[in-house]
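build me a model:
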Amino acid sequence: MVDIAEDGRTWLLSGPTSGYALHLTGADELLHLHWGPRIALADAEALAAGPLPGHRPFESPLDGREEYPVEGGPRFVRPALSVRTDERRGTEWRFEGYDSEGGGLRLRFADDGLAISLHYRMRGDVVERWVSVDNGGHTRVELLRADAATWTLPDREGWRLSQLHGRWAAESRLTTAPLTYGDKVIGSRRGHTGHQHLPWVALDTEATEERGEVYGCALAWSGSWRISVAQLPDARVQITGGAGYDDSGLLLLAPGESYTTPVFAGLWSDGGFGGASRAWHAYQRAHIVPDAERDRPVLFNSWEATNFDISEEQQAALARRAAGIGVELFVVDDGWFGARTGDRAGLGDWTPNPDRFPHGLAPLADRVRALGMRFGIWVEPEMVNPDSDLYRAHPDWVQYQPGRKRTEFRNQLVLNLARPDVQEYLWGRLDTLLSSTPVDYVKWDFNRCFTDAGWPGEPYPQRLWIDHVHALYALLDRLRAAHPEVAFESCSGGGGRIDLGVMSRTDQVWTSDNTDPLDRLAIQHGFTQIHPAQVMAAWVTDSPNTQLNGRVSSLRFRFVSAMAGVLGVGGDLTRWSEEELTEARRWVELYKEIRPVVQRGELFRLRPPAGGSSAVQYSLGDDVVVLAWLQAQSYGEPVPAVRLRGLDPTASYECRETGEVLSGAVLLHHGLRTGLRGDLDATVLRLSRI
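Just a heads-up that it's a prediction; the model follows:
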């Protein structure tokens, strides 16, 4: 909902519990007024009428108060918009008007042939913001920087900054630290979202998991990006973010061309970090995640079981075992195409290997479907091996700098997806593949970063950083429209491409290549700060974990760890004993029972994984599921009970595992005993309101 003052210069966006207000002065200076608890329009007008704080010498009266600071004029903060034309650099805009339709708001500004629009939309308590820039009169306009939004926080003391950091096999680890003066910059200059940071930050002063104000921001962009959190000299805090890591140039706009930034979404919550997470999850299920009303299937993926050494009969043997334990989707990973017997050849040649699949993939897909499962495949369309038919035919299709060595990671190069001919080639190959084979699921991988990001012959080669991502989105959108029955998973060497942008086009994401169940607890704890369990893929693999650390863990611990998200299995089932297969079948059956609650329920992080034990709770209607893990136990001391959240204190709840009937008040105050003992133990507890 948008309320507008009578003079048309104060605007208030309102969600269920929050409000966002801004005001345009008589000098066409757009000021931020309020972001926080819901207020009335009269309150916003009173804020607009109040005097601005006095400014000091050598400081700007606009810094820290402007809604969207541009380069030029009396400003010293990091500009959200930096523009260069043949005549000048910077922006001196004037207000042109506003539009308010469909619950959104657009503020229109102009600067000598350049049109700039600030867009706002309230979805629940999440404010979506983005900017569009149109060249209406210049020979050329170079966008050096065009951020999606600048967020201004209220005056507080003692701000803390939370972020998700990591690396390959150690993604999404949560860290919180006091915010200090200056700029704190996170981002990626790698061409994709990156393993190093998720494009999300949260700020608070004294919030706990369930109480206190939390401000969060998340960027919907799958390429290079930057978020800057700045504490200014007067202690005010602003968060600025958008596509591109530095200010070397995004795009060159010819007359009539335009650029629209990705969405930078912001959320205020007074329910602590848990309340903020649940609001983010609800927003994504309602507006971002495709087919969010559909529960994700239990899958088997062949990678850790077979690596590149695959054949039709071998995959069929795994499929029979997978079907026997209740798997619903069987995915053939890398190695089914071209001359792909290792990571040195075949990437880019998206036709079945004739030695391994002499009649194509259709016979295997039919066998998988006859077992009652759906069929999926792995692809990495944006990459190519130098040893491939595609590269031999089109060596100019990759990103490269003329006269320089073409850097290889994992023996592969990055295709220049910004080129229309590359886009059409990939569309043709993938559409043919999905049309000729009964494929239900595509795991879309991206296993190396941009390095030699050149485009010989292109007048403005920097554009490939933006155009690559736009082309990726267009290709995914086109494939989903042509094959609406096919589900897609986003992967990038694990969790290297997880963001609201790619999530709006894929059904789930591969959280990490690290399938160790103990390590996964911390990764999943961080992931759920922003994203819902419904998209968080997790596998049960072999023990010892030979792919990473050699750790030994029970099948029970591995399953309960993976059941916290979208359950998958990735172990070599042909080596599992009958006892293990029987136990696995029971866990899969249990997961299917609790799946609606885990994937669509509200998530409560009852105890973080930093200590000796951890637990999460999911609630949907009258049903509650608690997953609990014991990492280690000392001196034989009992594991403390976990206090549940969000229950009706006047109601009674039956625990299906123990038959106990407990009051909501007891569960909320005294907690629930998990019965865990020893090291690496885990349990699933189900409660129903009676």
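
now do the buried residues in the longest helix along the chain.
Longest helix in the chain by number of residues (criterion: DSSP state H): helix 578-600. Residues of helix 578-600 classed as buried by neighbour count (16 or more other C-beta atoms under 10 Å): 583, 584, 587, 588, 590, 591, 594, 595, 597, 598, 599, 600. C-betas here are computed from N, CA, C, even on glycine.

and residue 68, how far from residue 150?
5 Å (C-beta to C-beta, to the nearest Å).

so the two - more neighbours on which side?
Per other C-beta atoms under 10 Å, whichever of residue 68 and residue 150 has more neighbours is residue 150, with 26 against 22.

for the helix or strand where the more buried one lies, what is the average pLDDT?
Assigned by DSSP states H and E, residue 150 belongs to strand 149-152. Averaged across strand 149-152, the pLDDT comes to 98.

what does the helix or strand just after that strand rub up against?
Heading C-terminal from strand 149-152, the first helix or strand you meet, by DSSP H and E, is strand 160-165. Residues from elsewhere that reach strand 160-165 (C-beta atoms under 8 Å, 6 or more residues apart in numbering): 171-179, 184, 186, 196-198, 200-205, 229, 273, 526-527, 529-530.

show me the shaky parts of the stretch 51-200 of the chain.
Regions of the stretch 51-200 of the chain meeting the criterion pLDDT under 70 are absent.

follow-up on the earlier one: and the contacts of the strand holding residue 150?
Applying C-beta under 8 Å, 6+ apart, the set of residues contacting strand 149-152 is 32, 35, 64-69, 80, 129-131, 215, 217, 236-242, 264, 266.

go again using 7 Å as the cut-off
The contact list for strand 149-152 (C-beta atoms under 7 Å, 6 or more residues apart in numbering) reads 32, 35, 64, 67-69, 80, 129, 217, 238-241, 264, 266.

who does that strand pair up with?
Next to strand 149-152 in the sheet, as set by DSSP bridges, lie strand 237-243 (antiparallel).

returning to that earlier point: give the rounded mean pLDDT of the longest helix of the chain.
On average, helix 578-600 scores 98.

can you give the distance of the helix or strand just after that helix from its chain's centre?
Beyond helix 578-600 on the C-terminal side, the first helix or strand identified by DSSP H and E is strand 602-607. Centroid separation for strand 602-607 versus its chain: 19 Å, with C-alpha atoms, centre = their mean, to the nearest Å.

try stretch 230-238
The answer for stretch 230-238 is 28 Å, by C-alpha atoms, centre = their mean.

buried set for it?
For stretch 230-238, the neighbour count (16+ other C-beta under 10 Å) marks 230, 231, 232, 236, 237, 238 as buried.

between those, which is closest to residue 453?
Nearest to residue 453 among the buried residues of stretch 230-238, counting by C-beta to C-beta, is residue 230 at 27.8 Å.

what's the local residue count around residue 402?
With other C-beta under 10 Å as criterion, residue 402 counts 9.

which element is it on?
Assigned by DSSP H and E, residue 402 belongs to no helix or strand.

for it, which residues are in contact?
454, 456.

ok, the nearest residue to residue 356 once chain neighbours are set aside to residue 118 distance?
Spatial nearest neighbour of residue 356, excluding adjacent residues (C-beta to C-beta, 6 or more residues apart in numbering): residue 311 at 5.0 Å. Separation of residue 311 from residue 118 (C-beta to C-beta): 57 Å.
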